[in-house]
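Student: next comes the sequence, and after it the predicted model I'd like to discuss.
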Amino acid sequence: MNTREYTFHDIFDSPFYVNNGEITLKKIEIPIIQRDYAQGRETDDVNRIREKFLDALLQAIEQKRHITLDFIYGDISSDGVLTPLDGQQRLTTLFVLYWYAAKKDGIDPQEYEFLNCFSYATRISSREFCQELVIDSPDFSEIKLSKYIENQAWYMYEWKNDPTIRSILVMIDAIHEKFHGIKDLWKSLFTDNIINFYFLPLVDMGLDDDLYIKMNSRGKPLTPFEHFKAEFEEIIKANSDELLDKISYKLDVEWVNLLFPFRAQDNTIDNEFMRYFHFVSDIIYYKSGIDPENDEFAKAERLYGKNNENAMDNINYLVRCFDCWLDINVNKFFNDIFCNNIFEYGKVKIYHEETSIFKECCDKYGKGYYRNRNFPLRFVLLLFSVITYLQYHDIDGISEDDFRRRIRIIRNLIWNSSDEIREDRMKTFLYETEKIIRTGIIPVSDRGEIGYNIRQKEEERQKIEYLKNNPHMAEALFHLEDHTLLKGCIAVIGLDNGTNFNKFRLLFDNCDKDVINKTLLSLGDYSQAISWRCQTGSKSIESVWINLFHPSRQRKRFDNTSEILNLLLSKLDENAINNENLERYVNEYLDNPLTKKDWRYYLVKYRQMRAGGYGMYYWKDRATKPYEIIMMNTEISLNGKNWNIFLYTLQNSLPEFIMKLEIGDYAYQGNKMRITGTDISINCFNDKYVVYHGDGSKIEYAINQTEGIDTYDRVEQGIEIISDLLSKIE
């Protein structure tokens, strides 16, 4: 096989042996079956490819080093016409670059006569344009040479519709922008032979013409993946020819077979490969403490290029991250380790319908940004945990049981470190994750950087010791951990309350949340303070309970919540946890004559006071005015609807009141309750009701209290006051 290198000028008049005879190449003609010249298209992908290609040529010329543009294949006819079947794009770009150099450096036309031997058979317009271009000499003072050319008399208006001509004009402008400052450009090309390529006639390749034409006549442009693959292989080649052979095989065979089950609807694995490539590359970035890049070409060069001193380590890690999946059934592996929303002993719940996070990565990695990532950072850490195990289980002697226990610890830490996990801290999280998977040791935060939640790490250490002493409690503990409201954090129950593990699950799986809320309130003030707000449970919003059951610096009184919850659980019979039995505790509380009619009493008794979706309340002065309570209808702001809980309850207490009473939406701003169609309004204060009339007069109704506590149900008193007012109006 002839492997001689050629330049664009010396391939003309070169002899080739075809069909046992010598033929001199006289002309290059792009055949009709080839697509239009594409390197000048103005799409994002082509712009990037053109930029990188010209940069490579420019760098080679500036550094006076040779660059080879790989193989060009084609058929040479008996009259010496080369029909390229692979290499059209490179040949056309070289034609434009040689033309530019000749015109820019004022070369004698006889010296670049060979440019007339390059032609297009695709369209008459393309052929005539190239001929006219060789004759013309542009004004190099123009910023865009394309504008000069389009204004020439020889330029036909209808040529604007020829995609090849349009692309050549774009390439001329791009070359002008890159090379206008290069001296002796023609010498670099024509004398120094800086840019060359290999050429092989089809006969040397042993291919049938018809077959090769069929392979190349579809006119389908290269995909971004194919461009990336070609450039990535060049990057690998710069490091090691031997490694290139290995990785090329994997790219073409092994990794294709790996990803094929996860292919897209068009039966390609291009995007799936690129997403997993980005995932692994970002892991390397994170470990290096460098901010990741989105552009795959820049990423490949920066991480795996020979200028990176860790390039070989990075390449080997990339290979291991792909190869670790080759000998396993990926979907079965994940189904054996993880479960979605139903507890299965021996598996770890990830609260996600798709258990194969490898498939999720191939489908979604890189989509979305920040907190709206389709493949969030918690899944990045979880998948990293898995590939760490797959790479090191033999080296470190990690049994499958070890891994199941350790991946559970990782899950618990991930789901309880939402405030800590951020992209700029991923280096620490990856370090801690790898240590846990490989050694089972939960690292102490002694690195001066924020890792997984410190409190949760301590809980995980305590669980390890607890199970050493109580191995029979493993299933109950893991079942509790997996509960949707806890997601690995059992602090609200505590390891000292093992008899409550199952009761917690039964309570929150079987009973109405509003009934649970008022039952807990009947036992004590289990609410938590968040800055100026106070929160109890919600009748419908699950996240409220999740927040209550997870300790946080932003919340106060967590220990009180834990104490009252465990008190309730200790009272319950595990075989009779239902709404009916909870209501029994509530009724005992309400019917007890010793029960104080404080704010808890009212919240327990009147469902209207628990109507706010987030269980959030506000006191302007809780210490001196404990009954002036505002029920919020939002989680964090009084700018949303909010009501005086007693006025809201009165308006909704009786069917006839609903139509006759109007309540404002903003009690915080002083809104009162009005009697519909009148100028009479009512307000409820800490120790009295006040009725206002339109003439400015008002009547106060004292609420009987002893030591600041109501001695008579103020809601019932309010009903009496309103009923009396309505009867007088009617």
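Tutor: The structure has been received and is ready for your questions. None of these values were measured; they are calculated from a predicted model.

Student: when you work out contacts or count neighbours from here on, use the C-alpha atoms and nothing else.
Tutor: Noted.

Student: give me the neighbour count for the nearest residue to Ile414 once chain neighbours are set aside.
Tutor: Nearest in space to Ile414, with sequence neighbours left out and distances taken as CA to CA, 6 or more residues apart in numbering, is Arg378 at 6.0 Å. Residues lying near Arg378 (other CA atoms under 10 Å) number 18.

Student: could you pull out the buried residues of the helix or strand harbouring Arg378?
Tutor: Element membership of Arg378, judged by DSSP states H and E, is helix 377-396. By 16 or more other CA atoms under 10 Å, the buried positions in helix 377-396 come out as 377-391, 393.

Student: who's in contact with the residue nearest the centre of the chain?
Tutor: Centroid check for the chain by CA atoms, centre = their mean gives Arg373 as the closest residue, at 2.6 Å. Residues near Arg373 by CA atoms under 8 Å, 6 or more residues apart in numbering: Gly366, Lys367.

Student: okay, it: pLDDT?
Tutor: Arg373 is assigned 82 on the pLDDT scale.

Student: could you do Ala238 as well?
Tutor: For Ala238, the predicted pLDDT is 89.

Student: next one: Phe262
Tutor: pLDDT, Phe262: 92.

Student: residues contacting it?
Tutor: Ile269, Glu272, Lys359, Cys362.

Student: export those to CSV and tack on distance to Ile680?
Tutor: Shown next, in CSV, are those (distance: CA to CA, whole Å):
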residue, distance to Ile680
Ile269, 72
Glu272, 68
Lys359, 65
Cys362, 66
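
Student: Pro109: which of those residues is nearest?
Tutor: Ranked by distance to Pro109 (CA to CA), these are led by Ile269 at 49.7 Å.

Student: quick one, phi psi at the nearest residue to the closest one once chain neighbours are set aside?
Tutor: Excluding the flanking residues, the one nearest Ile269 by CA to CA, 6+ apart is Arg263, at 4.9 Å. Arg263 adopts backbone torsions of phi -60, psi 160, taken as degrees, to the nearest 10.

Student: what's the separation between Arg263 and Asn271?
Tutor: 9 Å (CA to CA, to the nearest Å).

Student: what's the neighbour count on Leu594?
Tutor: 8.

Student: please report how far it lies from Thr706.
Tutor: Applying CA to CA to Leu594 and Thr706 gives a distance of 13 Å.

Student: picking up where we left off before, out of the buried residues of helix 377-396, which comes closest to Glu583?
Tutor: Arg378 (39.8 Å).

Student: got the contact list for that closest one?
Tutor: Ile414, Trp415, Ile421.

Student: sort out which of those are in helices and list them.
Tutor: Ile414, Trp415 (DSSP state H).

Student: from His483, how far out is the nearest residue to Ile357 once chain neighbours are set aside?
Tutor: Setting aside the residues directly before and after it, Ile357 is nearest to Leu383 in space (CA to CA, 6+ apart), at 6.5 Å. Shown here: Leu383 relative to His483, a distance of 22 Å by CA to CA.

Student: domain ranges for the protein?
Tutor: 5-221, 222-326, 328-490, 496-595, 601-730 (automatic domain parsing).

Student: on that earlier part again, what's the average pLDDT for the helix holding Arg378?
Tutor: Helix 377-396 comes out at a mean pLDDT of 97.

Student: output that helix as CSV - backbone C-alpha positions only.
Tutor: Extracted C-alpha coordinates of helix 377-396, given in CSV (Å, rounded to 0.1, in the frame of the first residue of the first chain):
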residue,chain,number,x,y,z
LEU,A,377,-25.5,16.1,42.1
ARG,A,378,-26.8,13.5,44.5
PHE,A,379,-27.1,11.0,41.6
VAL,A,380,-23.6,12.0,40.5
LEU,A,381,-22.3,11.0,43.9
LEU,A,382,-24.4,7.8,44.0
LEU,A,383,-23.2,6.7,40.5
PHE,A,384,-19.6,7.6,41.5
SER,A,385,-20.0,5.3,44.5
VAL,A,386,-21.1,2.4,42.3
ILE,A,387,-18.2,2.8,39.8
THR,A,388,-15.8,3.1,42.7
TYR,A,389,-17.0,-0.2,44.0
LEU,A,390,-16.9,-1.9,40.6
GLN,A,391,-13.3,-0.7,40.1
TYR,A,392,-11.9,-1.6,43.5
HIS,A,393,-14.0,-4.5,44.9
ASP,A,394,-11.3,-7.0,43.9
ILE,A,395,-8.4,-4.8,44.9
ASP,A,396,-9.8,-3.9,48.3
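
Student: quick revisit: neighbour-wise, which of the contacts of Arg378 leads?
Tutor: The most crowded member of the contacts of Arg378 is Ile414, carrying 24 neighbours; neighbours defined as other CA under 10 Å.

Student: ok, the closest residue to Lys435 other than its chain neighbours - how many residues close by?
Tutor: Using CA to CA, 6+ apart and skipping the chain neighbours, the partner closest in space to Lys435 is Ile441 (6.6 Å). Look at Ile441: counted by other CA under 10 Å, it has 14 neighbours.

Student: begin at 54, not 1, for the rest of this chat.
Tutor: New numbering, starting at 54: the last item is Ile494.
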